[in-house]
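**Student:** got a predicted structure here, sequence first:
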Amino acid sequence: MNSIFSPSSLRCLPYLYNNPTPYKYLSNFSFAKHQFSSNSIKSTFVSPKSTICAAPPSEGTVSVIDFEDFVEKDWSFLDASDVNSDEIYKLSIDRIISAGKVGEDSKVLISTGSEGFVDQVVDTCSYKQLLVVHDSLFVLACIKEKYDKVKCWQGELIFVPENWAPFDVVFLYFLPALPFELDQVFGALSKLCLPGARIVISHPKGRKMLEQEKAEYPDVVISDLPDKPTLESVASHQSFTMVDFDDQPDFYLAVLERTK
């Protein structure tokens, strides 16, 4: 899959990428009528800080982002299972979501989730706030178009601003994509989570599928799922206790709770 941001489609540079901070806010964007392809991104969205650019007459008016140094990775494999899901896969997703114990007053964070996983959380859970953090602007744009009330933030988990915290539930849906050591991840989460908050680390198809994904997408899948002793040791240093762990070839689930 080629990058969705092709140089041929880039016409201007909006505020977002003049901003020197290492992350981009999408929580106040309203995406509509987007058309994504491997060669271009064409979208109409409204933002006080967006830039509307002229396009060829056949395309109408579009808002375009200039990504001179930005390369969109191929995240399509995360949703491949969602598209071709079987009953076992659906049960695995249900188990992962149930492990979070999301309630009506919960503030939920999903890190590097598939679009299908976010769909399932929105469809099956009642919550106070949902923030989706992802490296992919394409994935976030698709989520934001469907769910206006879902907050979206493009950037790295350890840089998530604390103004959205504290969180009650954190789904680390695809931990092996995060370019950080495990102690960095839990160090950041310790500042973002309430006492009693639940951290859910998962892979609905387990280590066997992860090895295949690592071979096919080495630029995205850059680490492994932690084993139980490693996870317990790192988490305990940041006041997290393991409450559930299941590591099968075809399913992975680790649930940790912030010490009260």
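**Tutor:** Everything's here; your move. None of the values given here were measured: they were computed from a predicted structure.

**Student:** from here on, just use CA atoms for contacts and neighbour counts.
**Tutor:** Noted.

**Student:** and residue 251, how many neighbours does it have?
**Tutor:** 17 (other Cα atoms under 10 Å).

**Student:** kindly apply the preceding question to residue 239 instead.
**Tutor:** 16.

**Student:** same deal with residue 227?
**Tutor:** For residue 227, using other Cα under 10 Å, the count is 12.

**Student:** that one: what's it in contact with?
**Tutor:** Contacts here follow Cα atoms under 8 Å, 6 or more residues apart in numbering; on that basis residue 227 touches residue 247.

**Student:** what is the mean pLDDT for the lengthiest helix in the chain?
**Tutor:** Looking across the chain with DSSP state H, the single longest helix is helix 87-99. Helix 87-99 shows a mean pLDDT of 93.

**Student:** same question for stretch 108-118.
**Tutor:** 95.

**Student:** all numbers from here: first residue = 8
**Tutor:** Sure thing, new numbering starts at 8, so read that last one as stretch 115-125.

**Student:** distance between the ends of it?
**Tutor:** Its first and final residues considered, stretch 115-125 spans 11 Å by Cα to Cα, to the nearest Å.

**Student:** chain center to it: distance?
**Tutor:** Centroid displacement of stretch 115-125 relative to its chain, using Cα atoms, centre = their mean, to the nearest Å, is 5 Å.

**Student:** same deal with stretch 242-259?
**Tutor:** Using Cα atoms, centre = their mean, the offset of stretch 242-259 from its chain centre is 20 Å.

**Student:** what's the distance between the spatially closest residue to residue 99 that is not a sequence neighbour and residue 230?
**Tutor:** Counting by Cα to Cα, 6 or more residues apart in numbering, residue 99 lies nearest to residue 211, which is 5.5 Å off, once chain neighbours are set aside. Distance of residue 211 to residue 230, computed by Cα to Cα: 17 Å.

**Student:** also residue 254?
**Tutor:** From residue 254 to residue 230 the distance is 16 Å (Cα to Cα).

**Student:** okay, strands next: where are they in the chain?
**Tutor:** Secondary structure of the chain (DSSP state E): strands at 31-32, 37-43, 48-53, 59-60, 69-70, 114-118, 136-141, 158-161, 174-179, 200-210, 247-255, 258-265.

**Student:** output the ones you listed as CSV; include the columns distance to residue 223.
**Tutor:** Output for those, formatted as CSV (distance: least, Cα to Cα, whole Å):
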stretch, distance to residue 223
strand 31-32, 28
strand 37-43, 23
strand 48-53, 25
strand 59-60, 37
strand 69-70, 33
strand 114-118, 21
strand 136-141, 20
strand 158-161, 24
strand 174-179, 21
strand 200-210, 17
strand 247-255, 21
strand 258-265, 19
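
**Student:** pretty sure the residue nearest to residue 99 is touching residue 255, no?
**Tutor:** No: Residue 211 is beyond contact range of residue 255, at 10.1 Å (criterion: Cα atoms under 8 Å).

**Student:** of the two, which one has the most company?
**Tutor:** residue 211 (23 against 12).

**Student:** check contacts around the more buried one.
**Tutor:** So residue 211 contacts 96, 99-100, 103, 257-259 (Cα under 8 Å, 6+ apart).

**Student:** thank you, goodbye.
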